[in-house]
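1. build me a structure from this.
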Amino acid sequence: MSQKKDPINRKGFASRFWERKKITKLSKEEWEALCDGCGKCCLNKLEDADSGEVALTCIACRLLDDESCRCTQYDIRHQFVPECIVLSPRNIDTHAYWMPQTCAYRLLWEGKPLYDWHPLISGTPDSVHAAGVSVQNRTVSEFEIPEDEWEEYIIEEPV
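-> Numbering: from 1, shown residues only. Sure thing, here's the model as predicted:
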């Protein structure tokens, strides 16, 4: 596996800054650096209206690149997917429940440590794929599956 350039800037930060700063005190750049690049937040989810339980499917947003696990139009994604969430320290409280169980944003919000495979710890963006935690080459496009069949594509977490 050849190491690719990390599209997220993870250089120049204080060592293990996420352990010493409150989530609400992170800079925009520190916040972005927390993304592990797993791609799971870009999977379509099903939420039970009665229980509130959220299930991941392997059905990806139309903008997710299945190989890199990155949004192909990140900076202008709302032009294509207006309902895409812009996660921030200000709204993590209302969105953490549906975030993937291994997501750094959710883990820190829950007061838990990051996993050793997280790129901020491992030093490489490929570690999330090598650990088998990403959705790399495991998704189907939302255009291929009718919405009334999404329940058949539920996957267990962590992937």
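2. who are the contact partners of the closest residue in space to residue 125 that isn't next to it in sequence?
-> Residue nearest to residue 125 in three dimensions, not counting chain neighbours: residue 6, with 4.0 Å by C-beta to C-beta, 6 or more residues apart in numbering. Just so you know, the C-beta spots here come from the backbone N, C-alpha and C atoms, and that holds for glycine as well. By C-beta atoms under 8 Å, 6 or more residues apart in numbering, residue 6 lies in contact with 37, 119, 124-125.
3. also residue 120?
-> Contact analysis of residue 120 by C-beta under 8 Å, 6+ apart lists 10, 16, 18, 33-34, 104, 114.
4. ranges for the strands of the protein?
-> 43-47, 54-60, 64-65, 70-71, 140-141, 154-155 (DSSP state E).
5. need those in a markdown table with mean neighbour count, distance to residue 130 and mean pLDDT, can you?
-> Shown next, in a markdown table, are the strands of the chain (neighbours: other C-beta atoms under 10 Å; distance: least, C-beta to C-beta, whole Å; pLDDT from 0 to 100):
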| stretch | mean neighbour count | distance to residue 130 | mean pLDDT |
| --- | --- | --- | --- |
| strand 43-47 | 17 | 20 | 96 |
| strand 54-60 | 20 | 20 | 96 |
| strand 64-65 | 18 | 18 | 96 |
| strand 70-71 | 19 | 17 | 94 |
| strand 140-141 | 12 | 23 | 96 |
| strand 154-155 | 14 | 19 | 95 |
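6. would you mind measuring from the residue nearest to residue 125 to residue 75?
-> 17 Å (C-beta to C-beta, to the nearest Å).
7. what mean pLDDT does stretch 25-39 have?
-> Average pLDDT, stretch 25-39: 95.
8. so for it, first residue to last residue, what's the gap.
-> Counting by C-alpha to C-alpha, to the nearest Å, you get 25 Å between the two ends of stretch 25-39.
9. show me what counts as buried in it.
-> Within stretch 25-39, the residues that count as buried by 16 or more other C-beta atoms under 10 Å are 26, 30-31, 33-39.
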